[in-house]
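Student: kindly return the folded structure for what I paste below:
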Amino acid sequence: MTICSSRRFALLCAGAAFAWSGLAFAQRARKVWRIAYLSSRDAPKSLENDYHAAWLPRMRELGYVEGRDFTVTWHFGAGSDERLVALASEIVQTKPDVIVALGTPAARASQAATRTIPIVIAGVADPVAFGLVASFAKPGGNITGPSIMATDVAIKHLELLRAFVPAMSRVAVIFNPKNPIGPVALQQVHAAAEPVGVTVLPFAADDPSQIDAAFVAISRVRADALIVAPDPFFTGHARRFTDAATANRLPAIYSFTPFVEAGGLMCYGQNVYENNRRAADYVDRIFRGAKPSELPIERPTRLELIVNRRAAQAIGLVLPNSILLRADRVID
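Tutor: Okay, here's the model as predicted:
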């Protein structure tokens with residue numbers, strides 16, 4: 001072998017060794033991110049089409065493969081604040097890279113458990129008012145994510161109900177007193193109802209038995225219509241609400257899509273599926289090195305009206321033209 005050939009051979013071997021070592025390093029260096037998901041509601045029977053998992057398809061769109069690039073552990077508080085606190089503490093002990101917290105109770109429990117692990121919120125109406133972040137533009141701590149508009153829709157909810165019940169004089173409101181959004185939503189319904197002469201009948205519920213008891217009481221007082229305050233725990237029992245409203249022939253309005261998909265009359269609010277999808281973009285940016293304190297809280301830009309024609313027929317109502325013209329979607 002000539003000197004030139006020997007040198008070429010040596011260079012080829014060195015190049016191959018370098019390439020192999022680089023590949024081995026890349027394999028060793030691949031990080032599998034760990035995400036913990038915390039919600040105040042009950043665990044869904046399946047995550048296949050549940051809005052809780054709406055962010056997973058977005059993660060795939062961003063190039064992540066579950067199991068290869070990240071893992072998820074799912075934690076559900078089943079409506080119990082005590083359970084949420086315990087779960088948040090357990091999660092922090094496992095030292096995940098990111099916590100995704102759905103709803104204000106879950107966000108608060110996560111914040112109380114850690115001020116260092118990044119927390120991406122979803123389904124939180126006003127993180128500034130509820131003390132989760134310093135401001136929308138500069139959160140300033142370990143919490144960021146997309147916010148929702150769930151507490152500034154009372155006037156619109158009353159207006160939409162009156163399209164079905166023009167003579168409405170008594171509206172029932174079911175709210176969760178353990179969720180900070182609940183009392184705020186109730187207060188806003190009171191403020192919107194008084195000028196138009198509508199009496200508000202509040203009913204508190206923070207567990208399934210209280211939801212059932214609320215409907216029994218509502219039937220006794222003969223409310224003309226129902227507003228269900230936004231709450232992740234309530235959303236986990238959407239069918240319980242919609243079945244009871246139908247059984248009582250009670251026009252009801254909700255804030256989130258799953259209620260209408262479960263047979264409810266109508267909802268007006270933000271698309272919770274899209275809100276959860278947007279959480280994935282925050283997770284991605286944190287994985288890439290962004291700090292939660294420097295990621296502005298996203299504000300909602302669009303609200304949707306969705307109505308269910310079959311639900312209206314079930315309680316003896318016809319969808320008014322004014323509703324049909326304004327609806328973003330009609331479920332038949």
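Student: which element follows the helix or strand hosting Ile121 toward the C-terminus?
Tutor: Assessed by DSSP states H and E, Ile121 sits inside strand 119-122. Later in the chain than strand 119-122, the nearest helix or strand by DSSP H and E is strand 143-144.
Student: lowest average confidence, helix or strand, in this structure?
Tutor: Sorting the helices and strands of the chain by mean pLDDT, DSSP states H and E puts helix 3-29 at the bottom, at a mean of 45.
Student: how much space between the spatially most central residue of the chain and Leu161?
Tutor: By C-alpha atoms, centre = their mean, the chain has its centre lying nearest to Gly123, at 3.5 Å. Applying C-beta to C-beta, to the nearest Å, the value for Gly123 to Leu161 is 23 Å. Yep, even glycine has a C-beta here, placed from its N, CA and C like the rest.
Student: count the residues that sit near the closest residue to Glu294 other than its chain neighbours.
Tutor: Nearest non-adjacent residue to Glu294, counting by C-beta to C-beta, 6 or more residues apart in numbering: Lys138, 7.2 Å away. Neighbourhood size, Lys138 [other C-beta atoms under 10 Å]: 14.
Student: pLDDT score assigned to Lys138?
Tutor: Note for Lys138: predicted pLDDT of 95.
Student: go on, the one 3 residues further on?
Tutor: Model confidence at Gly141, given as pLDDT, is 95.
Student: how about it, what does it touch?
Tutor: Contact analysis of Gly141 by C-beta atoms under 8 Å, 6 or more residues apart in numbering lists Gln111, Arg115, Val133, Ala134, Pro292, Ser293.
Student: and if you look at Arg170?
Tutor: By C-beta under 8 Å, 6+ apart, the neighbours of Arg170 are Val198, Thr199, Leu201, Val221, Arg222, Ala223, Asp224.
Student: check Ala43 too.
Tutor: Applying C-beta under 8 Å, 6+ apart, we find Ala43 in contact with Trp74, Phe76, Ala78.
Student: 10 Å - rerun?
Tutor: The contact partners of Ala43, taken as C-beta atoms under 10 Å, 6 or more residues apart in numbering, are Asp50, His52, Trp74, His75, Phe76, Gly77, Ala78, Gly236.
Student: give me the element the closest residue to the first one other than its chain neighbours is part of.
Tutor: What that stands for is Asp50. Excluding the flanking residues, the one nearest Asp50 by C-beta to C-beta, 6+ apart is Pro44, at 4.3 Å. Pro44 is part of no helix or strand, with elements assigned from DSSP H and E.
Student: surely Pro44 is in contact with Ala53?
Tutor: Yes - with contact defined as C-beta atoms under 10 Å, Pro44 and Ala53 form a contacting pair (8.3 Å).
Student: joint contacts of the two?
Tutor: Here Pro44 and Ala53 have Trp74 as joint contacts, going by C-beta under 10 Å, 6+ apart.
Student: let me see the ranges of the strands in this protein.
Tutor: 33-39, 70-76, 98-102, 119-122, 143-144, 170-175, 199-204, 225-228, 252-254, 266-269, 304-308, 329-331 (DSSP state E).
Student: out of the ones you listed, deepest packed?
Tutor: Highest mean neighbour count among those (mean count of other C-beta atoms under 10 Å): strand 119-122, with a mean of 30.
Student: follow-up on the earlier one: just give the number of residues close to the residue nearest to Asp50.
Tutor: Using other C-beta under 10 Å, Pro44 has 18 neighbouring residues.
Student: quick check: it vs Arg239, distance?
Tutor: 11 Å.
Student: who touches the closest residue to Ala54 other than its chain neighbours in this structure?
Tutor: Distances taken as C-beta to C-beta, 6+ apart place Asn276 nearest to Ala54, at 4.0 Å, with adjacent residues excluded. Counting by C-beta under 10 Å, 6+ apart, Asn276 makes contact with 50-56, 58, 100, 102, 122-123, 145-146, 148.
Student: and the chain, what are its domains?
Tutor: Domains of the chain are assigned by automatic domain parsing as 33-149+272-294, 154-269+304-331.
Student: first-to-last residue distance for the longest one?
Tutor: End-to-end distance for domain 154-269+304-331, by C-alpha to C-alpha, to the nearest Å: 23 Å.
Student: now do stretch 319-332
Tutor: 11 Å.
Student: re earlier: who does the strand holding Ile121 touch, helix- and strand-wise?
Tutor: Judged by 3 or more C-beta pairs under 10 Å, 6 or more residues apart in numbering; DSSP states H and E, strand 119-122 is in contact with strand 33-39, strand 98-102, helix 104-113, strand 143-144, helix 272-287.
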